[in-house]
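Enquirer: the amino acid sequence is not available; the structure is as follows:
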Ligand code: 0X9
Ligand code: ZN
């Protein structure tokens with residue numbers, strides 16, 4: 001089976017990226033943008049067939065238990081590198097940056113100790129509760145986030161306390177060619193608009209129409225209906241300090257979204273984080289169509 005059609009552990013994902021870089025040196029480059037708290041690489045794969053292009057940045061698995069994200073990223077990498085002729089136009093038009101495992105320590109922990117672990121693995125001072133929610137540690141309304149160290153959405157001891165988040169933010173700011181930011185999460189089947197756009201009608205309209213193109217592209221595969229929403233319309237809480245809100249509001253990236261992958265259930269159930277690998281081919285196909293629809297707007 002393809003590496004995108006089963007769940008790969010952290011080492012296997014890193015090896016797959018290395019294999020792609022070795023087999024396609026003319027278009028693929030590995031960029032380790034930093035290290036996790038426990039010292040694992042934050043490994044980005046860049047695909048490019050020439051200089052001077054705008055780029056999309058895709059991040060998945062910032063939440064350690066959302067395993068369905070990385071296969072969709074590996075599938076996109078597989079499509080772009082193994083169907084070079086068919087996908088020539090996609091590489092001619094823009095560059096792609098993929099960060100399949102944004103929270104390596106959490107991911108390893110979710111394989112070895114606790115399947116539904118969500119946060120990073122950095123210990124907290126004077127507390128037995130470990131970890132910070134890395135999707136609450138970015139510089140957008142960070143200060144309004146959750147300050148309970150034992151919460152699954154703890155925002156951290158300070159802004160960018162997590163080396164993973166600091167590395168991502170620095171990489172984005174250092175790469176001005178990145179004009180599209182996509183955070184891949186699960187679950188709920190949503191395409192989420194950045195919070196800041198809510199108060200700006202023009203920006204809202206532009207973001208919404210791009211999201212609706214992705215919605216159509218997904219629905220065309222097998223009828224799956226994602227929902228285009230603001231996060232607080234989709235979830236019964238406000239999420240402060242998220243990466244894609246920061247990318248939009250502070251890093252000047254005009255197109256920024258979170259995708260919440262399947263299943264589509266809206267009520268919280270830990271089982272929804274655990275998707276049978278039999279479903280990956282369809283999810284991968286749907287996401288690939290969405291990612292292609294997105295880059296058309298670069
Ligand atoms: O809570 C989150 O970080 C995301 N949902 S998840 O179930 N994957 O944890 C949603 C983030 C989007 N929220 C806002 N921008 N407000
Ligand atoms: Zn998430």
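Expert: Thanks, I have the structure now. In this text, all values refer to a predicted model and were calculated from it rather than measured experimentally. Ligands and ions are numbered 1, 2, ... in the order given.

Enquirer: got the residues of the stretch 151-298 of the chain near ligand 2?
Expert: residue 185 (CB under 5 Å from the ion). Yep, even glycine has a C-beta here, placed from its N, CA and C like the rest.

Enquirer: quick check: the residue of the stretch 151-298 of the chain nearest ligand 2.
Expert: When scored by CB to the ion, the stretch 151-298 of the chain has residue 185 as its residue closest to ligand 2, at 3.3 Å.

Enquirer: can you tell me the SS state at that residue?
Expert: strand (DSSP: H, G, I helix; E, B strand; the rest coil).

Enquirer: go on, residue 179?
Expert: strand.

Enquirer: now do it, the pLDDT please.
Expert: In this prediction, residue 179 carries a pLDDT score of 98.

Enquirer: same question for the one 4 residues further on.
Expert: Here, the pLDDT recorded for residue 183 equals 99.

Enquirer: for it, give the beta-bridge partners.
Expert: Beta-bridge pairing of residue 183 under DSSP bridges involves residue 59, residue 258.

Enquirer: residue 138 versus that one, what's the distance?
Expert: 10 Å (CB to CB, to the nearest Å).

Enquirer: the two: who's more crowded?
Expert: Between residue 183 and residue 138, residue 138 has the larger neighbour count (other CB atoms under 10 Å), namely 30 against 26.

Enquirer: for that one, give me its contacts.
Expert: Contacts for residue 138 were tallied using CB atoms under 8 Å, 6 or more residues apart in numbering; they are 159, 160, 165, 169, 241, 242, 243, 245, 246.

Enquirer: next, count neighbours for the residue of the stretch 151-298 of the chain closest to ligand 2.
Expert: When neighbours are counted by other CB under 10 Å, residue 185 comes out with 22.

Enquirer: list the buried residues in the longest helix along the chain.
Expert: Identified as the longest helix of the chain according to DSSP state H is helix 201-222. Neighbour counts over helix 201-222 (16 or more other CB atoms under 10 Å) mark 203, 204, 207, 210, 211, 213, 214, 215, 217, 218 as buried.

Enquirer: write out the residues of the stretch 101-250 of the chain neighbouring ligand 1.
Expert: Applying CB under 6 Å from any ligand atom, we find that the stretch 101-250 of the chain lies next to ligand 1 at 135, 185, 192, 195, 231, 232, 235, 238, 239, 242, 245.

Enquirer: mind checking which of those residues are buried?
Expert: For these, buried by 16+ other CB under 10 Å: 135, 185, 192, 195, 231, 235, 239, 242, 245.

Enquirer: in helices, which of the residues you listed fall?
Expert: Checked against DSSP H, those include these in helices: 231, 245.

Enquirer: doesn't residue 228 lie inside a helix?
Expert: No. Read with three-state DSSP, residue 228 is strand and lies in no helix.

Enquirer: look up how far residue 255 lies from it.
Expert: With CB to CB as the criterion, residue 228 and residue 255 are 14 Å apart.

Enquirer: where do the strands sit along the chain?
Expert: Here the chain has its strands, by DSSP state E, at 28-35, 41-47, 55-60, 95-99, 178-186, 190-193, 227-230, 255-261.

Enquirer: can you tell me the closest non-neighbouring residue to residue 26?
Expert: residue 49 (7.5 Å; CB to CB, 6 or more residues apart in numbering).

Enquirer: looks like residue 54 contacts residue 297 (just checking).
Expert: No. Between residue 54 and residue 297 there is no contact under CB atoms under 8 Å: 10.1 Å.

Enquirer: out of the two, which sits in the more crowded spot?
Expert: The residue with more neighbours, out of residue 54 and residue 297, is residue 297; 17 against 14, by other CB under 10 Å.

Enquirer: so who does the more buried one touch?
Expert: Contacts of residue 297 by CB under 8 Å, 6+ apart are 180, 210, 213, 255.

Enquirer: now with 10 Å, please.
Expert: Taking CB atoms under 10 Å, 6 or more residues apart in numbering, we find residue 297 in contact with 56, 179, 180, 206, 207, 209, 210, 211, 213, 214, 254, 255.

Enquirer: ok, which pair from those is furthest apart?
Expert: 56 and 209 (17.3 Å; CB to CB).

Enquirer: wait, residue 221 sits on residue 293?
Expert: No. The criterion here is CB atoms under 10 Å, and residue 221 misses it with residue 293 at 11.2 Å.

Enquirer: other SSEs contacting the helix or strand of the chain with the lowest mean pLDDT?
Expert: Every helix and strand of the chain was ranked by mean pLDDT, DSSP states H and E. The lowest is helix 231-234, at a mean of 90. Secondary-structure packing of helix 231-234 (3 or more CB pairs under 10 Å, 6 or more residues apart in numbering; DSSP states H and E): strand 190-193, strand 227-230, strand 255-261.
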